[in-house]
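Student: Quick one, structure for this:
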Amino acid sequence: MRRVIKFAGWLVLALAVLLAGVIALNWDTVRRTVLGGYHTHEVEPPDLPAGLQGSAVLAFSKTNAFRHEDAIPAANQLLKDIAKARGWGFFATENSAVFSPQILSRFDAVVFNNVSGDSLSEAQEAALRAFIEGGGGFVGIHAAGDGSIPWDWYRERVIGAKFTGHPMDPQFQQARVEVESAGHPSTRGLSPAWNRTDEWYSFEASPRAAGVHVLLALDEASFPNHKAFGKDLAMGSDHPIAWWRCTGSGRVFYTAMGHQASAYGEPEMAAMLAGALDWTMGKQRPDCPAAR
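Tutor: Numbering: from 1, shown residues only. From the prediction side, this is the model:
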């Protein structure tokens, strides 16, 4: 019996050492996903490109919670290519100190490229809010709407939907995406429907109730698993996946698609984001109410 107890003790110790090693090797991920994430907010802004003139896009990808390591650079490259093709300035950063009235005045639209967690200070939040409500454009991609940003105004008046989760086992599934509004610049020219693979977000309720205009929706019957750890995430016949709205005078676009880097090589995703930027930059209609 003593030998059994001794062996069990050594086994528990070995497992504890192994677990500690795994945690140590993956500490950053554990901190981001299990222990509440980071709470860092930069105070010294980066230098902007010397030649930043005319229309310009600011791409922000700070992640104080889960980080989409592969998707972020792929999305930034696509955004940069879109801006270059249109003759716009472009600047990508993870430094939250760019969110000041002075710096934001140099840009026409801000893209939250998979931003997650507590990434802005209160003063930086106030600067972004004033920018959007005063007529600035905003594009949110995937994790920008995953509920990890602890800011009620942002969730309610920018994203407009409360994230509840995404299916697991499998995490990535092919599903049918359907165009609900073909007249918006972000959907103009897209096929009425197509199949693609992603990590499919669900929300507590359809954002229609928040006054958004749905652009793309999921056909839930086209993918088999709607559960995560036993929780049913199905939204039924109304499962929006991309939409637009006016927040104050600002033009806001959000898509829940874009977890994998490969998404940003898809022609449909590229066309959608190009059109979304055209619209949020104020280059195409529909218009939002003018600032008072």
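Student: all contacts plus neighbour counts: C-alpha atoms, from now on.
Tutor: Fine.
Student: how close does A242 sit to T255?
Tutor: 4 Å (Cα to Cα, to the nearest Å).
Student: I should have written N225 there, sorry.
Tutor: Here the distance between N225 and T255 works out to 21 Å (Cα to Cα).
Student: Where do the strands of the stretch 101-250 of the chain begin and end?
Tutor: In the stretch 101-250 of the chain, strands defined by DSSP state E, counting those that start in this stretch lie at 109-113, 137-141, 163-165, 173-179, 193-198, 202-203, 213-219, 227-228, 231-232, 240-247, 250-255, listed in chain order.
Student: would you turn the ones you listed into a markdown table with mean neighbour count, distance to S119 and mean pLDDT?
Tutor: Conversion of those to a markdown table gives the following (neighbours: other Cα atoms under 10 Å; distance: least, Cα to Cα, whole Å; pLDDT from 0 to 100):
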| stretch | mean neighbour count | distance to S119 | mean pLDDT |
| --- | --- | --- | --- |
| strand 109-113 | 25 | 11 | 98 |
| strand 137-141 | 26 | 14 | 98 |
| strand 163-165 | 18 | 18 | 97 |
| strand 173-179 | 19 | 29 | 98 |
| strand 193-198 | 15 | 25 | 98 |
| strand 202-203 | 23 | 22 | 98 |
| strand 213-219 | 21 | 27 | 98 |
| strand 227-228 | 16 | 26 | 96 |
| strand 231-232 | 14 | 29 | 96 |
| strand 240-247 | 24 | 21 | 98 |
| strand 250-255 | 28 | 18 | 98 |
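Student: Can you lay out those strands as JSON lines showing distance to N76?
Tutor: JSON lines is the format used below for these (distance: least, Cα to Cα, whole Å):
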{"stretch": "strand 109-113", "distance to N76": "7"}
{"stretch": "strand 137-141", "distance to N76": "11"}
{"stretch": "strand 163-165", "distance to N76": "24"}
{"stretch": "strand 173-179", "distance to N76": "23"}
{"stretch": "strand 193-198", "distance to N76": "18"}
{"stretch": "strand 202-203", "distance to N76": "25"}
{"stretch": "strand 213-219", "distance to N76": "22"}
{"stretch": "strand 227-228", "distance to N76": "29"}
{"stretch": "strand 231-232", "distance to N76": "33"}
{"stretch": "strand 240-247", "distance to N76": "19"}
{"stretch": "strand 250-255", "distance to N76": "15"}
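Student: Mind checking those strands for the one nearest to W153?
Tutor: W153 lies closest, by Cα to Cα, to one member of the strands of the stretch 101-250 of the chain: strand 240-247, at 10.5 Å.
Student: What strands line up against that closest one, and which way round?
Tutor: If you go by DSSP bridges, strand 240-247 pairs up with strand 213-219 (antiparallel), strand 250-255 (antiparallel).
Student: so after the shortest one, what's the next helix or strand?
Tutor: Translated: strand 250-255. Per DSSP states H and E, the first helix or strand lying C-terminal to strand 250-255 is helix 267-280.
Student: I'd like to know which elements that next one is packed against.
Tutor: Counting contacts by 3 or more Cα pairs under 8 Å, 6 or more residues apart in numbering; DSSP states H and E, helix 267-280 is packed against helix 71-86, strand 137-141, strand 250-255.
Student: Using CSV, please lay out the ones you listed together with distance to F172.
Tutor: As requested, the helices and strands packed on helix 267-280 are arranged in CSV below (distance: least, Cα to Cα, whole Å):
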stretch, distance to F172
helix 71-86, 14
strand 137-141, 17
strand 250-255, 17
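Student: for the ones you listed, which one sits closest to A97?
Tutor: Shortest separation from A97 across the helices and strands packed on helix 267-280 is recorded for strand 137-141, at 17.4 Å, computed as Cα to Cα.
Student: okay, the angle between that closest one and helix 71-86?
Tutor: On the basis of axes from the mean of the first three to the mean of the last three Cα atoms, to 10 degrees, strand 137-141 is oriented at 140 degrees to helix 71-86.
Student: Identify the residues contacting strand 137-141?
Tutor: If you take Cα atoms under 8 Å, 6 or more residues apart in numbering as the criterion, strand 137-141 is touched by 108-114, 132, 159, 250-258, 276-277, 280-282.
Student: cool, stretch 146-163 as well?
Tutor: Outside stretch 146-163, the residues that touch it by Cα under 8 Å, 6+ apart are 65, 116-119, 140, 145, 165, 201-207, 210, 212, 245, 247, 252, 254.
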